[in-house]
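>>> pasting the sequence and the predicted coordinates here, then a few questions.
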Number of protein chains: 4
Amino acid sequence: MPLLTEDAKGVYVIAVTPFLDNGEIDWTSVDRMVDFYEEKGVIGLTILGQLGEAPKMTADESKAIAKRVIARAKVPVVVGVTAPGLAAMRELSDFVMEIGSAGVMVAPPWTTKTDDQAYAFYASVGEALGQTPFVLQDYPLTTNVTIAPKVIDRIVRDVPNCVMLKHEDWPGLGKISALRASSEKGETRRISILCGNGGLFLPEEMGRGADGAMTGFCYPEMMVGVVDKYGKGDVERAHDIFDAYLPLARYEQQQGLGLAARKYVLAKRGVISSAALRKPGASLSKIDINDVERLLARQKKRLAEIGA
Amino acid sequence: MPLLTEDAKGVYVIAVTPFLDNGEIDWTSVDRMVDFYEEKGVIGLTILGQLGEAPKMTADESKAIAKRVIARAKVPVVVGVTAPGLAAMRELSDFVMEIGSAGVMVAPPWTTKTDDQAYAFYASVGEALGQTPFVLQDYPLTTNVTIAPKVIDRIVRDVPNCVMLKHEDWPGLGKISALRASSEKGETRRISILCGNGGLFLPEEMGRGADGAMTGFCYPEMMVGVVDKYGKGDVERAHDIFDAYLPLARYEQQQGLGLAARKYVLAKRGVISSAALRKPGASLSKIDINDVERLLARQKKRLAEIGA
Amino acid sequence: MPLLTEDAKGVYVIAVTPFLDNGEIDWTSVDRMVDFYEEKGVIGLTILGQLGEAPKMTADESKAIAKRVIARAKVPVVVGVTAPGLAAMRELSDFVMEIGSAGVMVAPPWTTKTDDQAYAFYASVGEALGQTPFVLQDYPLTTNVTIAPKVIDRIVRDVPNCVMLKHEDWPGLGKISALRASSEKGETRRISILCGNGGLFLPEEMGRGADGAMTGFCYPEMMVGVVDKYGKGDVERAHDIFDAYLPLARYEQQQGLGLAARKYVLAKRGVISSAALRKPGASLSKIDINDVERLLARQKKRLAEIGA
Amino acid sequence: MPLLTEDAKGVYVIAVTPFLDNGEIDWTSVDRMVDFYEEKGVIGLTILGQLGEAPKMTADESKAIAKRVIARAKVPVVVGVTAPGLAAMRELSDFVMEIGSAGVMVAPPWTTKTDDQAYAFYASVGEALGQTPFVLQDYPLTTNVTIAPKVIDRIVRDVPNCVMLKHEDWPGLGKISALRASSEKGETRRISILCGNGGLFLPEEMGRGADGAMTGFCYPEMMVGVVDKYGKGDVERAHDIFDAYLPLARYEQQQGLGLAARKYVLAKRGVISSAALRKPGASLSKIDINDVERLLARQKKRLAEIGA
């Protein structure tokens, strides 16, 4: 399997982890989910992220999920390996690379404060991971860590195996512009920038030079469609598609509850057998389900109107 | 001028503060803005909020703005009086009530941690404000303080001049449901719940029992339309209006930059003379402006399609 | 080996993890360290805490350390099992209990905000751990989580395997008083309260009803002496001992650097072979070493003066 | 009155604000307090700091206190002017400079994250204050803002009216060393560094090149004595004095409660008439008072033993 590179373009979907109602991993749904995402046109899968409920797994479960997904997938697989320390991170990283992962993803610890601390963390990650290419996950809303564009530039300059930014600073449009300006001036390498935040700013992010998306949504065809149309220069069509899905995408952005909504729709679409989150996890109330059903009905109607 | 009560329903708009390009207050635009908001159907104005750039004013400027707005407005005016301590808060509150304000709004200090600390803060606010009715501003994303529904219930029970919740917890739909369940069971008073967060969840919030919105957006007609249609039971039409404005409303939700976008559009609409924020404040880049202009064009087209 | 109970009294020392200069675990020093702590009079050992550099270990290393310490120790051993999720926590907990641990210790995730969230976390911990007795680690300075006394009372009431509080809220004297008042009134069980924070308030904490200390310091004889004298009613002598060690204990309280100082002195005392922390970790500068040496010389002199 | 300069050496005491039991400012005690601090050998007074209960004052009260203290004092007075925004900060600053203040002190807003944000804040403060010399207050424990040494260097280089650092990062010994290394290499100006944190690391801070202390303690003679002896090269005597006061100084470092203890002792010493804090504020319980009284008795005995 080829390794993750700075040239990645398109959609890496943040995969959910399917569970049975009793909290055990649902292996049949894992396979079906991999197939589903590939059919919808993603160019890669990212597993064991925050929204893949990674922190709820044992070390052995994490490895088993990686094994199953990598064995099934025809596209590259990136594995989240964020851990409380470097040793545990490296251990999981070495394991998943050996079985065919394309790369790994790492978020910073919440105690990171100054520019130098953020830099030092990723420098030590780069060193600990050896040759393994990694994705820098920049998600202040859940990590509590704000990393300035120039700090990312410095990491990119000094840490060769940092090949991708999962961009989910918010607001972050100016950040993409700043990073692209640095690489265009030749001050640093041009790495792949894939955007997160559920794709909520995806068209504008593409306009700033993003290479695609690395995020989750119960309709991955939204991200695939927006990135595709944008890449072909059809900006208005990209927005048409985006706008049709936006009300539901927005609903999925509710922290905690959003994942329950995502799994509800994926179950309804026949991708996974159960919408259950592993404990502790949110579940939809009746009124939440009504909300989602109304949004789905309206979305269907709107997609028909625009011929998508 | 009547005082703010628990029965308030509709849209209190969070007013911007208009400045000249040199940073001075633009009094002519203040008047025009008041008229504009009223023409669009708001039932009240909230001034000197975070997005009214309140922290950038001197004490005298705050008083002068309150004076001008209250003198001009035909609808009730709520004034943000959040301050580092109770004495300064009470001083501004007493001043604005004397000149005809309908009530005041108070957010908690970022150091508030436990349930009891949040309760104690609002109990002391209630006491310090005397007879003045106040709005509890619940905005974790900017205050760093999370207040559980049962803590709000306890405040409502014990602090009689707490008459309104500016609800902008996120995600917060379940919070509205919980608060309404308490008052329906008779466990606490039913206070007015007006929603914030730029209206980004307004239709669903109305579905949980919110009474309207207290938030800003460059098209206040969106909030007025959604609340009005929802109140008349025309839920689908409320969503139609909401969806048409959602791409721009989402764009305005970018912290910092969003206010610059809001002022840009208000200036373009002829409401305020200058889009300038007082220092320190963001300003739109060329590409930001392109983004906004595209969204405006698409919004205009979509509004025409739905006949709004 | 008997299980940890609510009756524990005395000093559980937070053990360091000895490394060789190259970062590998120094097994010989592990044994020597266990013997040293026991000779100095501790009644238990707590391993794999934050200051035992637990987050820097792989899962296998954590298990190996627990195995070695438990095999060597004549006193009960508590193991820190804090993990990003319940599954990993339970896995380590089950392992160490099987090999003879007396109990485990758990700190809350930094994202815990409201009273109910803190309660729900420990309720789910209690359930996940089954019969295993656990220590609630209450250390806001490093966890970012403040847990009010009444929340601890509620946990104690509802979660039977919560048998001990590692108290290191700061300031926290009033918290001990509040917790003891609850159990004295019969409103909740009386659990063991052992104090942390390097023992910096130990005499006053004993005066509020603490049962001893669970903390680290390069002279565990300080904690043992203070707790012993206090228990015998000789409060002034407890303070004499405390005061003699206080200048160094204070120096060790510097976050990050303090552990380097602790290991420096333990190496100097012949307990561990190397003062090295595993990466990433602080190390003492020349001027830091001068500081420590001066404090050691002065401490020696003062101990001689008071005949300790 | 001469302005604050980079050459300041000695002790600027953080003054309390004396209140009557009913919460009103106790003007007689204000005068007596000024005299007391001067008699004990401080070279300056810093008023309206966090521990001067500044946030609890109205704008007019702050001005009145500054007026009274400046009129009474024979030593320079620095005034805390931290405010939610630049306009209010400048207004108070201009007022106090006009009536004879030596300079002002400013802490950063809690929302400051990256190096550039910290720099930009102090650059805008420097500009807003005009010619007024200011103290950069670096107190992460209460501000939530960590400022790296190189950021302080950059501020010092570019902002000429930044003449002093109130150093209370914790741990912070290495920070002083880093800042002094920069100025010794000629990379930046040498500004005055006065240390905070209640003087809890004062001897070691002097050893790194600090110029003295700017902090509060009910026995300012401790800071004056340590700084004086250290300046004369009598390091051991400096430590003797420090150690004698350390148990009480440590007790005063409890956030919130510490100020109540400080005022209790100042009242007992006859400096202020009432130990009351303005609401909301802590007060000592009976057992707290017992603690303090024991520490005072032991301190008296120890001071006699060392002939101080």
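Structure received.
>>> anything in the helix or strand A:Val96 falls within near chain C?
A:Val96 is part of helix A:86-98 when elements are defined by DSSP states H and E. Yes - using Cβ under 8 Å from any Cβ of the partner chain, helix A:86-98 reaches chain C at A:Leu86, A:Ala87, A:Ala88, A:Glu91. All C-beta atoms are positioned from the backbone trio N, CA, C, and that covers glycine.
>>> and that helix with helix C:86-98, angle?
Here the directions of helix A:86-98 and helix C:86-98 differ by 110 degrees (axes from the mean of the first three to the mean of the last three Cα atoms, to 10 degrees).
>>> name the helices or strands packed onto helix A:86-98?
If you count contacts as 3 or more Cβ pairs under 8 Å, 6 or more residues apart in numbering or on different chains; DSSP states H and E, helix A:86-98 packs onto helix A:59-72, strand A:77-80, strand A:103-106, helix A:115-129, helix C:59-72.
>>> got the contact list for the residue found closest to A:Glu252 once you drop the neighbours it is linked to in the chain?
Nearest non-adjacent residue to A:Glu252, counting by Cβ to Cβ, 6 or more residues apart in numbering or on different chains: A:Gly258, 4.4 Å away. A:Gly258 sits next to A:Gly198, A:Tyr251, A:Glu252, B:Pro171 when contact means Cβ atoms under 8 Å, 6 or more residues apart in numbering or on different chains.
>>> my guess is the second one meets A:Arg294, correct?
No - taking contact to mean Cβ atoms under 8 Å, the distance of 9.9 Å between A:Tyr251 and A:Arg294 leaves them out of contact.
>>> more neighbours, these two?
A:Tyr251 (25 against 19; other Cβ atoms under 10 Å in any protein chain shown).
>>> A:Gln50: neighbour count?
18.
>>> do the same with A:Ala71
A:Ala71: 12 surrounding residues under other Cβ under 10 Å.
>>> ok so, going back, adding distance to chain D, write the helices and strands packed on helix A:86-98 out as TSV.
Output for the helices and strands packed on helix A:86-98, formatted as TSV (distance: least, Cβ to the nearest Cβ, whole Å):
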stretch	distance to chain D
helix A:59-72	31
strand A:77-80	24
strand A:103-106	20
helix A:115-129	4
helix C:59-72	27
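>>> need the pLDDT of the residue nearest to A:Glu91 when sequence neighbours are not counted.
Nearest in space to A:Glu91, with sequence neighbours left out and distances taken as Cβ to Cβ, 6+ apart, is C:Thr58 at 4.8 Å. If you check C:Thr58, the pLDDT there is 93.
>>> secondary structure class for the residue in the stretch 201-308 of chain A positioned nearest to chain B?
Per Cβ to the nearest Cβ, A:Gln254 is where the stretch 201-308 of chain A lies closest to chain B, at 3.3 Å. Secondary structure for A:Gln254, judged by DSSP: H, G, I helix; E, B strand; the rest coil, is coil.
>>> angle of the longest helix along chain A against helix B:286-305?
Within chain A, and with DSSP state H defining each element, the longest helix by residue count is helix A:286-305. Interaxial angle, helix A:286-305 versus helix B:286-305 (the same axes, to 10 degrees): 90 degrees.
>>> residues contacting helix A:286-305, please?
So helix A:286-305 is contacted by A:243-245, A:247-248, A:251, A:257, A:260-261, A:264-265, A:268, A:284, B:173-174, B:177, B:204, B:207-208, B:235-236, B:239, B:243 (Cβ under 8 Å, 6+ apart).
>>> for ChimeraX, write the select line for the buried members of those.
Filtering the contacts of helix A:286-305 down to the buried ones (16 or more other Cβ atoms under 10 Å in any protein chain shown) takes a single ChimeraX command:
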select /A:243,244,245,247,248,251,257,260,261,264,265,284 /B:173,174,177,204,207,208,239,243
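>>> the contacts of helix A:286-305 in helices, which ones?
The helices, defined by DSSP H, take in A:243-245, A:247-248, A:251, A:257, A:260-261, A:264-265, A:268, B:173-174, B:177, B:204, B:207, B:235-236, B:239, B:243 from the contacts of helix A:286-305.
>>> near chain C too, which of those?
Within the ones in helices among the contacts of helix A:286-305, nothing lies near chain C by Cβ under 8 Å from any Cβ.
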